[in-house]
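J.: here is my input, please return the structure:
(one chain, ligands or ions: 1)
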Amino acid sequence: IDFNRARFTLSAPDIRKCPPETGAEVAFAGRSNAGKSSAINALTNNTKLARTSKTPGRTQLLNFFALSDTQRLVDLPGYGYAKVPLAMKRRWEQDLSEYLQQRKCLRGLVLVMDIRRPLQAFDTTMINWAVAGEMPVHILLTKADKLKRGPAANTLQAVRRHLQEARVDDLVSVQTFSALKKTGIDTLKQTLTNWLRH
Ligand code: GDP
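T.: Okay, here's the model as predicted:
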């Protein structure tokens, strides 16, 4: 798969307006400001594909990027932004859970977390929803450049241990990543290529 060929195709205001369920897609989710847009841009080698923003809560849409006629990346709304009204937050959570559990062409979920604050409450909820539907999850511990090698490796190990203890390590994998230093891109590409195959 040539990830550099990713092109924006459409924004859907909610899951009922998603494109038809043909082919295969992989979704990216994460707390607002975790580094999701930067990760998508690093993956696709396109600084403008997903908008990086200091205004969390703006991305209230599902954004679809085509990799080929039958393969897509989906940028899901960021979650966990404190200033969003509670009713809107509930709506998003409902939509996210519906999308994860009902979207038949969805092959896997990339969950982006700031390596300095992994596995926050709603991250765990997302993992649980995905696992309940037997949907594979790949965790990106991004902004790894913010930590020294030792602490970064320790966090990776701690997250792995958590997944083993929760008995979800057969469906959930994890890696470190840095959009800034462009590290971890090949590992991410391997996972996505596996998911999007056939
Ligand atoms: P999103 O809300 O999850 O899409 O997060 P963004 O991609 O917009 O990133 C949020 C902030 O973190 C921005 O200021 C980015 O420049 C910064 N950021 C994202 N990825 C990295 C990274 O790998 N390393 C560092 N040092 N900063 C990053």
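J.: what kind of secondary structure is the spatially most central residue of the chain in?
T.: Computing the C-alpha centroid of the chain and ranking residues by CA atoms, centre = their mean puts Phe28 first, at 2.4 Å. State at Phe28, reduced to three classes by DSSP: H, G, I helix; E, B strand; the rest coil: strand.
J.: list the contacts of it.
T.: Lys36, Ala39, Ile40, Leu73, Val74, Asp75, Leu76, Leu109, Val110, Val112 (CB atoms under 8 Å, 6 or more residues apart in numbering). (Glycine included, C-beta is placed from N, CA and C.)
J.: mind listing what the helix or strand Phe65 falls within pairs with, with the direction of each?
T.: Taking DSSP states H and E as the definition, one finds Phe65 inside strand 62-66. Strand 62-66 has the following sheet partners, assigned by DSSP bridges: strand 7-12 (antiparallel), strand 71-75 (antiparallel).
J.: worst average pLDDT in these?
T.: Among the strands paired with strand 62-66, strand 7-12 has the lowest mean pLDDT, at a mean of 90.
J.: buried residues in that one?
T.: Ala12 (16 or more other CB atoms under 10 Å).
J.: stretch 66-79 too?
T.: Ala66, Leu67, Gln71, Arg72, Leu73, Val74, Asp75, Leu76, Pro77, Gly78, Tyr79.
J.: is any part of it close to the ligand?
T.: Yes: against the ligand, stretch 66-79 shows contacts by CB under 6 Å from any ligand atom at Gly78.
J.: nearest to the ligand, of the buried residues of stretch 66-79?
T.: Ranked by distance to the ligand (CB to the nearest ligand atom), these are led by Gly78 at 4.8 Å.
J.: for the longest strand along the chain, which outside residues touch it?
T.: Longest strand in the chain, counting residues (DSSP state E): strand 106-114. Contact partners of strand 106-114, identified using CB under 8 Å, 6+ apart, comprise 24-31, 33-36, 39, 74, 99-100, 119-120, 123, 126-127, 130, 135-143, 188, 191-192, 195-196.
J.: good, we can wrap up now.
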